[in-house]
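Participant: Sequence and predicted structure below; questions after.
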Amino acid sequence: MSHFSLISRSMFAPTRRDFLATASCAIAGRFLDPRFRVARVIPANTSLSAQAFLENRLPTAGLQSLAARAVDATRQTGVAYADIRIAEQHRLDPGIVQASLISQMTYGVRALVDGVWGFAYGRDPSPDAVTRCAQAAVAGARVAAQATNRRADRSSGWMPPPVATGEWRTPIQIDPFEVPLQQHSEVSEALNALVKRMPEMDTPGGIGMQWTRETRVFASTAGSHLTQYLYRSQIDGAFHVSYGRNALVVKLPDLGWTSRGYEAVLIPDTADRFKNAVEDVLWLTRLPMATIDVGRYPVVLDGHTMGSVLLSVVGPSLELDRVLGDEVDASGGSRFTLDLLGAPVASPLLTLTGHRNMPEIQAVQWDDDGAVPTPHTVIKEGVLVDYHTSNSTVAALTEWYQRNGKAVASNGCATTVDPQTVVTIQPPHLQMSPGTARRSLEELCHGMAHGIVVLTGTYLATDQNLSSASFSAEYTPCFEIKQGKLIRRIQGSVLQLNTLPFLKGLVALGDETTICRGNQMRSKGYPWQDTPVSAVAPAALFKEINVMSAKE
Amino acid sequence: MRMLPPLEERLAAGRPVITRDQALAVMQQIMAHTTIANAGAEIEHVYHGVTRLAHGAVRSTNDGDYLRIGFRTSRAVVLNVYVETNQFDDQSIRAVVERAEALLKDMIGSNEELGPRQAMQQDRYLPTALWHEPSIAAIPSVRTAEIPKILETVRARRLQASGMVGIMARAMMALTRDGITAFHEETDCEVNVTARPDDGTSSGWSGQASRDWSQLDPVRVATDAADIAERGLHPSAVEPGRRVAILGPAAVVQLMRFLVLHFDGEGSDNGGTGFSKVPGRPKGSRFLQRLFDPRVHITVDPTDPLGGYQAWFGGLVGASANPALTLIEGGVLKNLTYRIMEIALQLGRPYSDLPHGLHMQGGETTVAQMIAQCDEGIYVNRFSSVDVVDMQSGMLTGVTRDGCFLIKHGKIDRPVKNFRFLTSPFFFLNNILAMGPTQRAAFGYAPPTMMEREVGIPSDWPRRPMIVPPLMVRDFNFNALIDAV
């Protein structure tokens, strides 16, 4: 799998060159070519890791005890249901000129009274404080329920997950908090040195590494007691290559946001693969830049850009709380309304599944409702068959599930990054199936008389119903293709799509060699909270996209 | 062991967040633990009390406070280390310092030199008065007194209410080892309501925001939202194109929020904004050039009674003063903000954080008068999903939402389907036909865009106040219809 795909020079020049399949960088200093080693390493106590001075505020048993205390406190109030998430989180950002370490202990209690959720949160790890927080959640729900003066429409919508007890640990190989801090620094410095030694590279750009370790405990009045030890890595490396105004971004391959440990950066051949990637970008920056006539054009999206469409448009459209109208005043509604269940919403070529398995950033054993996430196909051969659900919403699908012989149970998409924030539905890791026929990105473009290819797109504007989306050619590299050849970079244009017609116009898919991984930070809730999401997708050819001028 | 009183006790005492004295005690304790000269500490304590409405009922309540205590230290060969906790007790505060010093000892620094130590400026902080007791006093009664009225007002119109009612209180302090002390406290409140019929075919939104709860009228908000929803039933499609647009304050604020990005002096001088002399090239900025309609006058001022913001910035590295500035005067670019002191000093330009909020002067034409003056145009209640298309031209795209109407012969003719638009402040602020009275505009749901995240503009809820007028502009580019209510 490639982390980014760029189009080969064979589309521009007669020299045949294989399409860039993949690139990946060895990050750890010990794997790097010695000439890339940092010359000014300051000798230090290399045995010291973050863990050495990062004693946990509370042992796991302490967190579990507090959770039990909160559950007891809510039980005594007689509420129908209540649960608590309590977590101790540590985040390490080991940079070159700045390192940061953020530790927090937080909890959030929610209580259900007559269909109204009361939510209260806190950070004081004393039993009394947790008890008060639980009581505040119940009190908030009761006051709000009285204010409502009637049972909410979906008061009976909460379907508690099966009672469960257990522990789960993200199956990482190397705990980044046990790695000597100097090694973290060396890695960052070595990567930066690698980039700086390439004369083609511009600044700004940079490498960001963030390691998160969390102990999260969930308990509910239904009797569940769950403990998860979660690790997440968010590693980004993006650098600018430019020639005049034609600037492109090269990313360090095979990194990204995952639930992996320090092994995430121990990838061989970094230097060579990164250099190859830069080389493959350079010729694109030498292309002339010009506007393209407004109109409708066939378009090929590379795997990155297709992934961005999934993350910005399709995935959120399938969040059942949006579909049910719970977010109409905020993030908005959905074009994939309930009446479309069982109907075609895309080309038969599109099959999309969601899961929270390793090594994706969303990987958990239990979601924030306490349910076990299940891989689920949401669009099967173009037909809408399911949504991203939680225990608060899945009851709305009862009839559909029963008609299709499926048990009525949440798909496990309830998420809160921090127990201090409200649980919402977030897309799980989205996985779009590649084409079965062998077809590269280049081959997808090959049959185009006049069209567009979009590479490494991440920047989409949408609307409140996710019924449309828009790429800016200023931030998303778009290239004009004539007779199968890539001839220039497009500037001064905006590419706009209407979600359903666009998805129905999917003409062909790239094969598995065109698959790319993408990440995004998504906002939801009110107050809004950020959640990292991810997707993998192949390149795809669509019948048409609307090109408009970006000039006033 | 130092503890904060429980939240309910603090609420009862009218102070949900730490006081100046409490903050100072914590900051001084941190400084007492460290021996490193170059050190700064910051504390931020925020209370949120939020109620969300959906489907004509309360959907959820959300109450609590969060705390951040951060400590930054560095050594001569630059290595900044930052350690943060959310715990208030002695042990955690001591651990913050110990962890920072351990990190500092063991990490690798680069050979880049620190810039000159930023000047002490605490005597230049402008006196702000952004804490309003009525906002704290309202917290216990909002859900029992105001929420039922909102729900009932909308329900009486056979519509469903969604929305949020929120109150925030914040206290912040920064302290450096060389003696700078900065404190900030503020309250803020927002009420917004979306009204829709059961079938969801129309949507009306209204919102109000103020530092002072007593200035808000939740029933008025609910009534306005219901009015718009009723008038928005059965919208018809109108051809997109360039039209006269009458933009309500909630629409204007969604555009003006992106103008903040352009006041970045360093970025502008380097060719990255609409104020740059040459796009993409480091040729400086277009100071003293008239770039907007002569009626456009934009200021920023931490003491602005309608909005205001923190009087200092960069708390961990010296808490420099945020000055009051005239950015645009008579349509002419007067000032940009420079966040790198050396550059600001060298250029003789203001050393300041990016504007947290803009205050744009208005006119005297009411929205009703604008409509009466309009032969044919579009009234836009609100924009949504706005994002940058091109920073150098200021181009934005977004969509209309929650109230969009065709105006004909001086009257609202009928509701129309929503549009996507493409415009830039550098265009529409040159096409002004009329300006209304300026006011604090509620943002509603406005999470950060990717660019706002990258630039580091504060974009958590509640958004920093912006004061804008309604505008009537010509040739507004509604470039496509969208299939969204």
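Facilitator: Received it, and whenever you're ready, just let me know what you need.
Participant: For A:Gln182, give its distance to chain B.
Facilitator: 6 Å (Cβ to the nearest Cβ, to the nearest Å). In short, each C-beta sits where N, CA and C put it, glycine included.
Participant: Tell me the residues of the stretch 351-500 of chain A that contact chain B?
Facilitator: Contacts of the stretch 351-500 of chain A with chain B, taken as Cβ under 8 Å from any Cβ of the partner chain, map to A:420, A:422, A:458-459, A:461-468, A:470, A:472, A:474-475, A:494, A:496, A:498.
Participant: Next, the contact list for residue 142, please.
Facilitator: Went with chain A since none was named. Residues near A:Arg142 by Cβ atoms under 8 Å, 6 or more residues apart in numbering or on different chains: A:Val113, A:Gly118.
Participant: other chain: chain B
Facilitator: So B:Val142 contacts B:Gly49, B:Thr51, B:Val165, B:Ile167 (Cβ under 8 Å, 6+ apart).
Participant: Which pLDDT value belongs to the nearest residue to the second one once chain neighbours are set aside?
Facilitator: This points to B:Thr51. For B:Thr51, ignoring the flanking residues on the chain, the nearest one in space by Cβ to Cβ, 6 or more residues apart in numbering or on different chains is B:Val165 at 4.8 Å. pLDDT, B:Val165: 98.
Participant: Can you verify B:Val165 is assigned to a strand?
Facilitator: Yes - under DSSP: H, G, I helix; E, B strand; the rest coil, B:Val165 falls within a strand.
Participant: Tell me the bridge partners for it.
Facilitator: B:Thr51, B:Val191 (DSSP bridges).
Participant: Repeat that for A:Ile425.
Facilitator: Going by DSSP bridges, A:Ile425 forms beta bridges with A:Ala414.
Participant: how far away is it from A:Trp528?
Facilitator: 14 Å (Cβ to Cβ, to the nearest Å).
Participant: do A:Glu442 as well
Facilitator: 40 Å.
Participant: And the two? Which one has more around it.
Facilitator: Looking at A:Glu442 and A:Trp528 with other Cβ atoms under 10 Å in any protein chain shown, you find the greater number of neighbours at A:Glu442, namely 23 against 20.
Participant: would you list the contacts of B:Val142 in TSV and tack on neighbour count and distance to B:Val253?
Facilitator: Output for the contacts of B:Val142, formatted as TSV (neighbours: other Cβ atoms under 10 Å in any protein chain shown; distance: Cβ to Cβ, whole Å):
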residue	neighbour count	distance to B:Val253
B:Gly49	26	23
B:Thr51	26	23
B:Val165	26	19
B:Ile167	24	20
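Participant: Return the member of these nearest to chain A.
Facilitator: Taking Cβ to the nearest Cβ as the measure, chain A sits nearest to B:Thr51 out of these, at 6.5 Å.
Participant: wouldn't the closest one be in contact with A:Ala145 here?
Facilitator: No - with contact defined as Cβ atoms under 8 Å, B:Thr51 does not count as touching A:Ala145 (11.8 Å).
Participant: list residues touching both of these two?
Facilitator: Applying Cβ under 8 Å, 6+ apart, one finds that B:Thr51 and A:Ala145 are jointly contacted by B:Val58.
Participant: Check whether A:Leu397 really touches A:His388, as I assumed.
Facilitator: No - using Cβ under 8 Å, A:Leu397 makes no contact with A:His388, being 11.2 Å away.
Participant: shared neighbours of the two, which are they?
Facilitator: Shared contacts of A:Leu397 and A:His388, counting by Cβ under 8 Å, 6+ apart, come down to A:Leu320.
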